[in-house]
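Undergrad: I would like the atomic coordinates for the input below:
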Amino acid sequence: MFYWFLKRILAGPILRILFRPWVRGLDNLPAEGPAIIAGNHNHFMDSIFVPLLAPRPFVYLAKKDYFTGRGIKGAVTRWFFKLNNQLPMDRGGGSGSQASLESGLKVLREGNSLGIYPEGTRSPDGKLYRGRTGIARLVLESGAPVVPVAIIGTDKLQPAGRLVPKLGRVGVVFGAPMDFSKYAGLPVDRFMLRSVTDEIMYEIMRLSGQEYVDTYASTVKTKLLTSAKPKKSESDKDAATGASKDGDAATGNGEAKTQGSSGRGAPESDSDEPSPSA
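TA: Numbering: from 1, shown residues only. Model prediction:
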């Protein structure tokens, strides 16, 4: 009920006026029965525009962080996502991810449409990244057709550093349903999972026109965060070096004293170095 209220009365009309969304390929969406809606992911509003333009409701697998927030903000976010047909998905692997996939399979077995982003996270730069094989497991276990979707323009809505999205046209293109029944009855291994996933990603790339990068988006995000960490400037290094020299001069060079007392230089200790797991 709340889903339709948002779409038809509250949020839908406002979004249509502000962003003037366009859609193609609606006839590719099955009118009924289970279907997996697999799309690219550039902005959190992707999960709003696709259901807004589709004639039937979707259940989306959303990252579990949206459902675990604390305080008033966390409660409101959790309430909104649950009422907006979204389920928490654990992306950490292991039993958590398996439980998330089981939730997705339950949606499909009930004859509903399931929305998922095979990249696993938002693209950091508007490119299309390697898909996670969880979608292939859903496909092979459910037998549901896959409808590839290209969401166009949402990456321009909120550039890095901008708090409020700017206005701009958004488009959604639904591709022809993909049938993977040829794999039915065959033993599932990692090569099959990768083959199915890559086939889906190729169709998304073809529809969206994005540049494809055969790397996980999460890996790129980690590298970007690491490279963004502040580094010591040259002036800081010079100041540190100067302080070290002053300290040696004040103590009469501590290294020489150590050598004098033990007969040889003491080896440098690495006990303060972080372990590989730190």
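
Undergrad: was I right about Gln158 contacting Asn42?
TA: No. Using CB atoms under 8 Å, Gln158 makes no contact with Asn42, being 9.4 Å away. Any C-beta I mention is one placed from the backbone N, CA and C, and that applies to glycine too.

Undergrad: buried sites along the helix or strand harbouring Leu18?
TA: In the assignment (DSSP states H and E), Leu18 maps to helix 12-19. Neighbour-count burial for helix 12-19, counted by 16 or more other CB atoms under 10 Å, picks out Gly12, Leu15, Phe19.

Undergrad: So which of Gln158 and Asn42 has more stuff around it?
TA: Comparing Gln158 with Asn42 by neighbour count (other CB atoms under 10 Å), the higher total belongs to Asn42, at 26 against 17.

Undergrad: which residues of this structure fall in helices?
TA: Listed in chain order, the helices of the chain (DSSP state H) span 2-5, 12-19, 46-53, 71-83, 94-109, 134-142, 190-208, 217-227, 234-251, 254-262.

Undergrad: weakest of these by average pLDDT?
TA: Looking at the helices of the chain, the lowest mean pLDDT belongs to helix 254-262 (a mean of 41).

Undergrad: next one: phi and psi at the spatially most central residue of the chain?
TA: The residue lying closest to the centre of the chain (CA atoms, centre = their mean) is Thr121, at 0.5 Å. Main-chain torsions, Thr121, degrees, to the nearest 10: phi -160, psi 170.

Undergrad: where's it relative to Pro51, distance?
TA: 20 Å (CB to CB, to the nearest Å).

Undergrad: So what's the residue count around Ser227?
TA: Per other CB under 10 Å, the neighbour tally for Ser227 reads 8.

Undergrad: Against Pro124, how distant is it?
TA: Here the criterion is CB to CB. By it, Ser227 lies 12 Å from Pro124.

Undergrad: List the neighbours of stretch 214-227 that are in contact with it.
TA: Applying CB atoms under 8 Å, 6 or more residues apart in numbering, the external contacts of stretch 214-227 come out as Glu119, Gly120, Thr121, Arg122, Ser123, Pro124, Asp125, Tyr129, Arg130, Arg132, Val213.

Undergrad: Please check those residues and keep the buried ones.
TA: Neighbour-count burial (16+ other CB under 10 Å) applied to the contacts of stretch 214-227 gives Glu119, Gly120, Thr121, Arg122, Ser123, Pro124, Tyr129, Arg130, Arg132.

Undergrad: what sits against the closest residue to the fourth one other than its chain neighbours?
TA: I take that to be Arg122. Closest residue to Arg122 apart from its sequence neighbours, by CB to CB, 6 or more residues apart in numbering: His41 at 5.0 Å. Residues near His41 by CB under 8 Å, 6+ apart: Tyr117, Glu119, Thr121, Arg122, Ser123, Ile151.

Undergrad: Look at the nearest residue to Ile116 once chain neighbours are set aside and say how many residues are nearby.
TA: Nearest non-adjacent residue to Ile116, counting by CB to CB, 6+ apart: Leu61, 5.2 Å away. Leu61: 24 surrounding residues under other CB under 10 Å.

Undergrad: Report the separation between Leu61 and Leu105.
TA: Distance, Leu61 to Leu105, by CB to CB: 11 Å.

Undergrad: Gly39 and Ser123, how far apart?
TA: Relative to Ser123, Gly39 is positioned 11 Å away (CB to CB).

Undergrad: Then Met192?
TA: Distance of Met192 to Ser123, computed by CB to CB: 26 Å.

Undergrad: rewinding a little: and the buried ones among the contacts of stretch 214-227, which two are the farthest apart?
TA: Within the buried ones among the contacts of stretch 214-227, Pro124 and Arg132 form the most distant pair, 15.7 Å apart (CB to CB).

Undergrad: All set now, cheers.
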